[in-house]
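I would like to see how this sequence folds:
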Amino acid sequence: MGNENQKKFYKKVQLITVDNSGVITYSDANLFDWKVGESIYEAHPFFFIIDGLKETDVAENEFTFPCVHLNGERESERICDVTFTVCLGEINMVIFDYTHAYLELNKISQERNESLIKAQELEFTNRLLVEKENFKNEFIASINHELTTPLTSIKGFLELLNKTKLDYEQEELVRIIKTESDHLQNIFGDMFDISRIESGGFKLEEEAFDLKELFETIVNSNRGPIEEQALDFITEIDGKLNKDLIGDKTRLYQIISNLINNSLKYTDEGFVKFSIKRVGGKNKKQQIEIVVEDSGIGISEEDKIAIFEPFSQLNPNIKGSGLGLNIVRSLVSLMGGEIELESTLEKGSKFVVTLALKNASGEDVEDEKSTYVLPKGNKYRILVVENQLNTQYLILKILLSQGNFFVDAVSSTEAAIKAVENRTYNLIICDIKLGEISGFQFAQRVRNQYGDAAIKNIPILGISALRAPNMTNKAIGAGMDAFLSKPFSEKQILQKINRLLYLSLKD
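The predicted structure follows:
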C-alpha cells in the first residue's frame, strides 16, 4: 500500500535542473515533456522569474510559488506549486501538481463567492432601484417646477391679453394657446402626482370647504368643453348633503375632473352626467357618493382593470397622458374610499366613488366665496419679491391695472430686506424658491428679527411653483399669512391680496 502511495505521489511531482543560462540539464518528464538541452524560458513565460531569483541576495535560497498555471505543448493545463532552490551554477526546481486539490478548493470557494455575489447583487439591485426611483422623482419634481414657472407667465398674460380688444381670429388663437397650456400643465401635474404617490411622499391636506361650492365650480369649469362637443351635461346634487366638510378639496376636485375629462374624451354623442349624493354617515362624518356617467364607447371586461394602470389608453389617438384614472384610483385609496366601474361596450361607462368625509363646524369653514371689499380711495403699497422677471412683470401688470396699488419689485430676499427697512409696505408677495435666503427664511426674519411692528406684522403672501406636500402649512409655519400655487389666475391672486389687506385693516 505504501508503494502505491509513493507511486501516486511521484506521478504528481516533476524534478528539473537548469543552468544559469536557463538550459534544462535534467528533467524526469513526469508532468511536462520539457527535454534536456531546451531552454526553460521557452517552456513557459513563468520561468523568466528565474533571472530575478539569481540576483536575490538573501540567506534563504529556496523560493516557492503556489497556484501556478502551467502547460506544455502536448500536456493539458495543470495548477502547480513550484519550488526553486538556487545553488552555485544551477537552479533546481520541484513542480508539485495540485490541480485536483485546487479545483476542489476553488469549487467550494466559488460556491461561497457565488452566494456572496448573489447577495451583493441583490443588495446592489435594490439600492440601484431606490436610487433610480429617487432620481426619477427628483427629476419630475424639478421639471414640473421649471415648467410651472413659464406656464404662470403664459397663462397670466393670456388673461390680460383676453381683456384687450381682439378680433375673432385673435380670440380663437388665445383660446387654443390656453387649452394647450392647460393640457401641458395637466400632463406634468399628473406625472408629478404619480411619482409622489409611488414614493410615499404624497400627503393629503385637511381643510374646511363648501361641497356645494366645489360642485358648482366643477360644473362651471366643465360645462363649456362638454357643450362644445354638443353633449348634454346633466348635473345633480343631493339637497340632504351637509355642505360644510373637512378634507382635501383640491384632490377631490382632481378626482371628479379627471373622471369627467375621461368621459368627455370617449363620448362623441349623447351625455355626460355628474352627481353627488349623501349615502350615509352621521355626527362627525358624512358618506358621499360621486357618480360620473356617460354614453360613450364603453369599456370591455378585459380592459376594466387595465384602464386604471399608468399610461393606459383605450384609444392611442386620443390626446392625454393615460395617467388620469390611475391618479383617481390612487387618490380615492389614500382618502380611504372606493371606486367602482360599470361599463358596456358601445353603451357607456359609469364610475362610482364612495368617500367618507369629516363634517366641519361653522367655525372651521373659511368662506372662500366672500368678496373682501377694501375701503374706496385707499392706496396700498405692495412689495413683490420674485426672481423670475416674467412672473414679476405679470404681478405688476395685474396690480397696477386695479388702480389702488403702488408696487415695488425686487429679485432677491437680500434686496427685499433693504426695502422693508427703508419703506412701509401694506403687503409682501414673496416667492419661496429664491437665492441663498429662501422665501421661508425671509418670512422668519421679518417676523423674528424686527421690533418695529410696521415691519414684523406686514402680511406676507407666499407663492411658488413647488408642489411639495403641505406647502400651505409650511408657509404659515414659516410666518407667512397665506400661500398660492403657480400658475394662478388674476382672480385668485387678487382674492388672496384683498383678503390679507382687509384682515390687516380690521386688526
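
What residues of the strand or helix carrying Gln14 count as buried?
Per DSSP states H and E: Gln14 is located in strand 13-19. For strand 13-19, burial by neighbour count (16 or more other C-beta atoms under 10 Å) applies to Gln14, Ile16, Thr17, Val18. All C-beta spots, glycine's among them, are computed from the backbone N, C-alpha and C.

of the residues you listed, closest to Glu206?
Sorting those by distance to Glu206 puts Gln14 at the head of the list, at 84.8 Å, by C-beta to C-beta.

is it true that that closest one touches Ala29?
Yes - using C-beta atoms under 8 Å, Gln14 is in contact with Ala29, at 7.1 Å.

okay if I get the buried residues of strand 13-19 as JSON lines plus pLDDT?
Compiled in JSON lines, the buried residues of strand 13-19 are given as follows (pLDDT from 0 to 100):
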{"residue": "Gln14", "pLDDT": "91"}
{"residue": "Ile16", "pLDDT": "92"}
{"residue": "Thr17", "pLDDT": "93"}
{"residue": "Val18", "pLDDT": "92"}
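
what's the most distant pair in these?
Gln14 and Val18 (12.8 Å).

Compute the mean per-residue pLDDT across stretch 99-110, please.
Averaging pLDDT along stretch 99-110 gives 77.

And it, what's buried?
In terms of neighbour count (16+ other C-beta under 10 Å), stretch 99-110 has its buried residues at Thr99, Tyr102.

In which helix or strand does Leu245 reside?
Short version, using DSSP H and E: Leu245 is in strand 244-247.

next helix or strand past the biggest helix by length in the chain?
As assigned by DSSP state H, the longest helix anywhere in the chain is helix 99-162. Later in the chain than helix 99-162, the nearest helix or strand by DSSP H and E is helix 168-199.

Would you mind pulling up the elements that that next one packs against?
Packed against helix 168-199 by the contact rule (3 or more C-beta pairs under 8 Å, 6 or more residues apart in numbering; DSSP states H and E) you find helix 99-162, helix 324-334.

Ranking those helices by mean neighbour count, which comes first?
Across those, averaging neighbours per residue (mean count of other C-beta atoms under 10 Å) puts helix 324-334 on top, at a mean of 20.

now the angle from it to helix 168-199?
Here helix 324-334 points in a direction 50 degrees away from that of helix 168-199 (axes from the mean of the first three to the mean of the last three C-alpha atoms, to 10 degrees).

For helix 324-334, list the C-alpha coordinates in CSV.
Coordinates of each C-alpha in helix 324-334 appear next as CSV, following Å, rounded to 0.1, in the frame of the first residue of the first chain:
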residue,chain,number,x,y,z
GLY,A,324,-55.8,60.3,-15.1
LEU,A,325,-57.7,57.2,-13.9
ASN,A,326,-54.6,55.8,-12.2
ILE,A,327,-54.4,59.0,-10.2
VAL,A,328,-58.1,58.8,-9.4
ARG,A,329,-57.8,55.3,-8.0
SER,A,330,-54.7,56.2,-6.0
LEU,A,331,-56.3,59.4,-4.5
VAL,A,332,-59.5,57.5,-3.7
SER,A,333,-57.5,54.8,-1.9
LEU,A,334,-55.5,57.5,0.0
